[in-house]
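Colleague: Have a look at this prediction, sequence included:
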Amino acid sequence: MNNEPLTIKYKPVIGLEVHVELKTKSKMFCGCSAYYFGEKPNTHTCPVCLGLPGALPVPNKKAIEWCIKIGLALNCKIANISKFDRKNYFYPDLAKGYQISQYDKPFATNGKVVIARSTTTKQSQTEKIAALTPFARNDSKVIRIIRVHMEEDTGKLIHQGDSTLIDFNRSGVPLVEIVTEPDFENAVQVKEYLQKLQQIVRYLDVSNADMEKGEMRLEPNISLKPVILASKASMTNDLPPYKVEVKNINSFRFVEDAINFEIQRQTEILDSGKTPLQETRGWDSVKKIAVSQRIKEEAMDYRYFPEPDIPPFQFDESYIAGINCDLPELPEEKKYRFTTIHALSEYDAEILTRDRETADYFEEALRASAGTSSINYQVSGKNIANYIINKKVDINKTLPAELVKIIIKSSQKPSIDKDKLEEIIKKVISENSKAVNDYKSGKIQVIGFLIGKVKQHFSTADTNQIRISLEKHLKS
Amino acid sequence: MDLNQLTIKEAQEGLRSKKFSSVELTKACLEQIKKLEKKVNAFVTVCENEALESAKKADEQLSNETIEQFNNYPLLGIPIAIKDNFSTKGIKTTASSKILGNYIPPYDATVVERLKNAGMVLIGKTNLDAWAHGSSTETSDFGATKNPWNTGFLPGGSSGGSAASIAGDETIGSIGSETAGSIRQPASWCGVVGLKPTYGRVSRYGLIAMVSSLDCPGPITKTVEDSAILLNVLAGIDNKDATTSPEKTEDYTKNLSQSIKGLKIGVSDDYFKGVDKEVIEKVQNALKIFEKLGATIKNIKLFDPQYSISVYTIIQRAEVSSNLARYDGIRYGLDRNNFGDEAKRRIMLGTYVLSAGYYDQYYNKALKVRTIIVNDFKNAFDQSAGGVDVIIGPTSPSTALSVGSSKNHPMFGEVADILVEPSTIAGLPGINVPCGFSKNGLPVGMQIIGNQFQESLILNVAHKYEQEAGFYKRKPIL
């Protein structure tokens, strides 16, 4: 793909709608099990989620709490007064002819997620991530979250030959919709945001966010604005006069492909002097093209009105504060702590905090190591991190304390003959008087250089032992 | 007196003292149904076998029952008819629409469950205007119900089947539902008692929704005391209906006979505008009886009920359009072409008022006026500002209209129900009590409206009047 004309002439304007399915035990408005993946069709149903005449929804408190949790984790403002609304539309998988959703008073609004301002590839992105505080990165980009709201999932249509069957096991499963402003400039940013979002909901332990199981669904909307317009737009904030939504994307890789496909497709249309159509397209991951599904002349009229079956909510400050207190340490904060307090590299911290289990494992190992101090060997955070990352430790099989023992054992190099070591150290000190003087004048980091010199004489040396002896000589 | 003519209270006593069995009582009702149904058509489904089966079981239980245990089953062995928009497990529930003509629900409405737990014998499912859209029971897809007082006249609606089944002594007690007048107005036209409780007092779970924000189940009975007995069974919070109130319930029979000396009754002139002379006269006579009982009548100014028609119409049509969306032809047999004219009209108007650009102009504005009406009643009942205890007026502007009157009158219901709409919109409780008969022998009803959760008070006021006036003793000649 030739990126050149595109970067010069048009600026992509990309927004995202993400649906995350919560892993509550029961559904959003009834007591049925919310677990449906691979279950026999229509076994997790009742009058409520089947939308039978007369059945009424009763909201799941846990789901609401979790939705608010997501809102808080995304730095949103939580509404004091909120409510459910009916979104009226027809589709065979929609049991009641309307979906219970939220319209003008969602649980959470006005949040943000900070990602790297990346324009090229993943590799350069990782390199660019600076170690500073989470929000002080000078190359960071803020993605504004418009809203986080709660709704119910629909049933599932299964097409078999000429007939279509409906499975209502998924009907009424709690869904959280997270909508961003059109703040993304390219596919890489979208992918980073999505990975972050997935990581956050997993940290919160409110969703498995497994793309393949449909627990996390993405709908990017993409348009391009001419650069001349873009510069003006920085003042006027004008958006392009059209928007293309892409559905049916079930992996992060496909979202990148789909966005790049659309940017290319729309560029060609704009280059020919036309305006792309406002439409919904579906991603074909085999052909790698987005196929037109529905042309939207104007916005669908869902005839929203307040859900009369569910009284409005009033959340007092203490309720919201309580949920806030319950929030776990989020990946960004954890990473910051790992790099500062445990002196890990940005790269190591990034890998260890990818999921909460590994991060917790790392910290447990760290605690275990504090208890097992050996005379001339201390297991550092860096040691543990290296081990977990490079030796690909199975954290489900090896207990953190065991890991520490393994590290100690493997680090206990055959100890060096003391006399030999003394002799070499003396030699090195006399041969490197400048470094020695530097050390004595306070540049203690030069000890690394001296250790290296000593090490040249031993094939398998215990660095710690060398350091200790060397320090003794230097300080005397 | 035939067994089927008994009140719930009398049936309870007879069954307890073993004067008759539940099977005998049930059979008496079934016989009356057989005799009357061709003329009256109060039932969509008569549950003959099921009823006799539960009557037999009730009799077995009754033979072992002590008086104390009987208190746990206040309706043990007593036939109750239920409006056909309440979901009944294993028994066809149609809402009188052919779209649900063959729908057999797999679950019981909370109301039905509570009545069953109290020991009732479900005698049958009563007719209504299709989807409860109407005030005549003429728009049922399964034929009109006729007024037992004169089968050339309508029973009112939408709970016309329940009211007619009580007036015709086809059952001992019955259950209706009201959105705006659907209990009180047919009770008025059929000369029986109908109680519409406070919104949220009785669970809507399993009641096929018409206007979710207004629908309210309630009893239709031969006497006020019977309504109190049924309310005792029905009332209370339900974890299946998020709109039920945690407000505690009481024994609604306890205060029935309490003196009403010093009671302040509010009467508003606007509620007598355009009302039949005969109706006005009967209600005024009733007010005289109240004065005799020690109450004082106070003229009050209420928000003109005519505005309630617009508010009600908009809110109702909007919610109807959404509530009927599920009958899309995919799961309930017949497709949308089978909706009657009234349902189609309501779906179209409701869809329109909710459309983008019209929402604020109609629905949102209606909600605002609704708040004004709610506050209007609040002020009227504000005791600290010299407010009244109850408000009394005619239930319906007229006595029963003749068969065929609802045809070609799309707003028939709204106009017939003008006097019950304001209190409905405010979610207030109200009760219809017969207060006389017109020259042509049709019943006249008045309504007593109370503040929120004042069921006990309005039942007390209604009972005192009923016992003094004695119209409940009069029966139609069938």
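Modeller: Cool, the structure landed. Numbers count the residues shown, from 1 in each chain, chains lettered A, B, ... in the order given.
Colleague: Pass me the low-pLDDT residue ranges in the chain, would you?
Modeller: In the absence of a named chain, chain A is used. Applying pLDDT under 70 to chain A flags the ranges A:1-8, A:117-138, A:228-237, A:296-299, A:371-378, A:411-416, A:459-461.
Colleague: please go with chain B instead
Modeller: Low-confidence segments of chain B (pLDDT under 70): B:65, B:67, B:410-411, B:414.
Colleague: Distance-wise, check the most centrally placed residue in chain A relative to residue A:18.
Modeller: For chain A, the residue nearest the mean C-alpha position is residue A:196 (1.8 Å; C-alpha atoms, centre = their mean). Distance, residue A:196 to residue A:18, using C-beta to C-beta, to the nearest Å: 11 Å. C-beta here means a position set from N, CA and C on the backbone, and glycine is covered the same way.
Colleague: which residues sit in contact with the residue nearest the centre of chain B?
Modeller: With distances taken as C-alpha atoms, centre = their mean, residue B:183 lies nearest the centre of chain B, 2.2 Å away. With contact taken as C-beta atoms under 8 Å, 6 or more residues apart in numbering or on different chains, residue B:183 is in contact with B:159, B:176-177, B:194-196, B:216, B:218, B:220, B:432.
Colleague: Make TSV from those residues and add distance to residue B:118, neighbour count and secondary structure to it.
Modeller: Output for these, formatted as TSV (distance: C-beta to C-beta, whole Å; neighbours: other C-beta atoms under 10 Å in any protein chain shown; DSSP: H, G, I helix; E, B strand; the rest coil):
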residue	distance to residue B:118	neighbour count	secondary structure
B:159	20	39	coil
B:176	17	35	strand
B:177	18	28	strand
B:194	20	33	strand
B:195	17	33	strand
B:196	20	37	strand
B:216	19	26	strand
B:218	16	32	strand
B:220	17	36	strand
B:432	23	34	strand
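Colleague: so which residue of chain B comes closest to chain A?
Modeller: residue B:325 (2.4 Å; C-beta to the nearest C-beta).
Colleague: Could you double-check that that residue lies in contact with residue A:95?
Modeller: No: with contact defined as C-beta atoms under 8 Å, residue B:325 does not reach residue A:95; the gap is 10.2 Å.
Colleague: okay, now residue B:361: neighbour count?
Modeller: Neighbours of residue B:361 under the rule other C-beta atoms under 10 Å in any protein chain shown: 12.
Colleague: Indicate the residue of chain A located nearest to chain B.
Modeller: Nearest residue of chain A to chain B (C-beta to the nearest C-beta) works out as residue A:97 at 2.4 Å.
Colleague: Nearest residue to that residue in space, please, no chain neighbours.
Modeller: Sequence neighbours aside, residue B:325 is the residue nearest to residue A:97 in space, at 2.4 Å (criterion: C-beta to C-beta, 6 or more residues apart in numbering or on different chains).
Colleague: Contact partners for the one you found?
Modeller: A:88, A:90, A:96-98.
Colleague: Quick one, which of the residues you listed are buried?
Modeller: Neighbour counting with 16 or more other C-beta atoms under 10 Å in any protein chain shown marks A:88, A:96-98 as buried within the contacts of residue B:325.
Colleague: Rebuild those as CSV, extending it with secondary structure.
Modeller: Formatted as CSV, those follow (DSSP: H, G, I helix; E, B strand; the rest coil):
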residue, secondary structure
A:88, strand
A:96, coil
A:97, coil
A:98, strand
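Colleague: And the residues you listed, which two are furthest apart?
Modeller: Spanning the widest gap among these are A:88 and A:96, at 9.4 Å by C-beta to C-beta.
Colleague: immediately after the helix ranked longest in chain A, which helix or strand?
Modeller: Looking across chain A with DSSP state H, the single longest helix is helix A:252-271. Following helix A:252-271 in sequence order, the next helix or strand is strand A:279-284 (DSSP states H and E).
Colleague: Might you report the residue contacts of residue 57?
Modeller: Assuming you mean chain A. A:28-30, A:48, A:100, A:307, A:309-310, B:242.
Colleague: Flag every buried residue along whichever strand or helix holds residue B:51.
Modeller: Applying DSSP H and E as the criterion places residue B:51 in helix B:48-64. Across helix B:48-64, burial judged by 16+ other C-beta under 10 Å covers B:50-52, B:54-56, B:58-59, B:61-62.
Colleague: What is it packed up against?
Modeller: helix B:22-40, strand B:121-126 (3 or more C-beta pairs under 8 Å, 6 or more residues apart in numbering or on different chains; DSSP states H and E).
Colleague: of these, which approaches residue A:290 most closely?
Modeller: Of the helices and strands packed on helix B:48-64, nearest to residue A:290 by C-beta to C-beta is strand B:121-126, at 53.3 Å.
Colleague: relative to helix B:48-64, how tilted is that closest one?
Modeller: Strand B:121-126 runs at 150 degrees relative to helix B:48-64, counting by axes from the mean of the first three to the mean of the last three C-alpha atoms, to 10 degrees.
Colleague: Show me what the helix or strand following strand B:121-126 is packed against.
Modeller: Remark: after strand B:121-126, the chain's next helix or strand is helix B:160-167, criterion DSSP H and E. Applying 3+ C-beta pairs under 8 Å, 6+ apart, we find helix B:160-167 packed against helix B:22-40, strand B:43-46, strand B:79-83, strand B:121-126, strand B:173-178, helix B:184-190, strand B:216-221.
Colleague: Give me the sheet partners of the second one and which way each runs.
Modeller: What it means is strand B:43-46. Here strand B:43-46 has these sheet partners by DSSP bridges: strand B:121-126 (antiparallel).
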